[in-house]
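> Curious how this folds, go ahead:
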Amino acid sequence: MTTTASTSATSTAAAPAANARDLALAHYAARGVLEHVLARHGVTFQEQVTLRAALTSDTPLTPDDLLAQIQGSLKADPSDIRATLDALLAKELLVADGAHLRPTEAGRELFAAIGAEVGPVSARIWGGIPAEDLAAAGRVLALVTERADAELAALTA
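Sure, this is the predicted structure:
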């Protein structure tokens, strides 16, 4: 019986250093999975991110608060974010409550349903990655985000 050594794409022994392309490919691969699920629920990526922000905020947010938070996260055009807020209101996933926007029960249920569907997939994608690798990746990604945000700020100043 002959055996052959196998190499794993997750092996760190001879793994090349990560670069911007690797980061982009990982992002779009994971986002593609999420967008596939979101499409079945009739929600866009930007709507889901905005709904999440409204649901996870410690205090109710104004439309301007949500816009600033989403713009900071997604670097999206403010007019696109306003259209997203309008869409979430029209779909009755958010509701105006005075000066604030609050998630509706339908918004909470949709978010929970998406989470329940994405959770097992996320577990398969992220499962088995050693904690120290995740910690190192977290540090690198935080630094890349900080530097990219600074570069973007300089470009748009």
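> and the residue nearest to the spatial centre of the chain, what element?
In the chain, the centroid-proximal residue (CA atoms, centre = their mean) is residue 49; its distance is 6.4 Å. Residue 49 belongs to helix 45-56 when assigned by DSSP states H and E.
> Residue 24 too?
For residue 24, the host element (DSSP H and E) is helix 20-40.
> Buried ones in that helix, by neighbour count?
Buried residues in helix 20-40, defined by neighbour count with 16 or more other CB atoms under 10 Å: 34, 37-38. Placement of C-beta: from N, CA and C, glycine included.
> How about exporting it as PDB, limited to the C-alpha atoms?
The C-alpha trace of helix 20-40 is given here as PDB (Å, rounded to 0.1, in the frame of the first residue of the first chain):
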ATOM      1  CA  ALA A  20      -4.500  42.500  -0.300                       C
ATOM      2  CA  ARG A  21      -5.700  40.000  -3.000                       C
ATOM      3  CA  ASP A  22      -6.000  37.200  -0.400                       C
ATOM      4  CA  LEU A  23      -8.000  39.500   1.900                       C
ATOM      5  CA  ALA A  24     -10.300  40.500  -1.000                       C
ATOM      6  CA  LEU A  25     -10.800  36.900  -2.100                       C
ATOM      7  CA  ALA A  26     -11.700  35.700   1.400                       C
ATOM      8  CA  HIS A  27     -14.100  38.700   1.900                       C
ATOM      9  CA  TYR A  28     -15.900  38.000  -1.400                       C
ATOM     10  CA  ALA A  29     -16.100  34.300  -0.800                       C
ATOM     11  CA  ALA A  30     -17.700  34.700   2.600                       C
ATOM     12  CA  ARG A  31     -19.900  37.600   1.400                       C
ATOM     13  CA  GLY A  32     -21.000  35.500  -1.500                       C
ATOM     14  CA  VAL A  33     -22.300  32.900   0.900                       C
ATOM     15  CA  LEU A  34     -24.100  35.500   3.000                       C
ATOM     16  CA  GLU A  35     -25.600  37.200  -0.100                       C
ATOM     17  CA  HIS A  36     -26.900  33.900  -1.300                       C
ATOM     18  CA  VAL A  37     -28.800  33.500   1.900                       C
ATOM     19  CA  LEU A  38     -29.900  37.100   2.000                       C
ATOM     20  CA  ALA A  39     -31.400  36.800  -1.500                       C
ATOM     21  CA  ARG A  40     -33.700  34.100  -0.400                       C
END
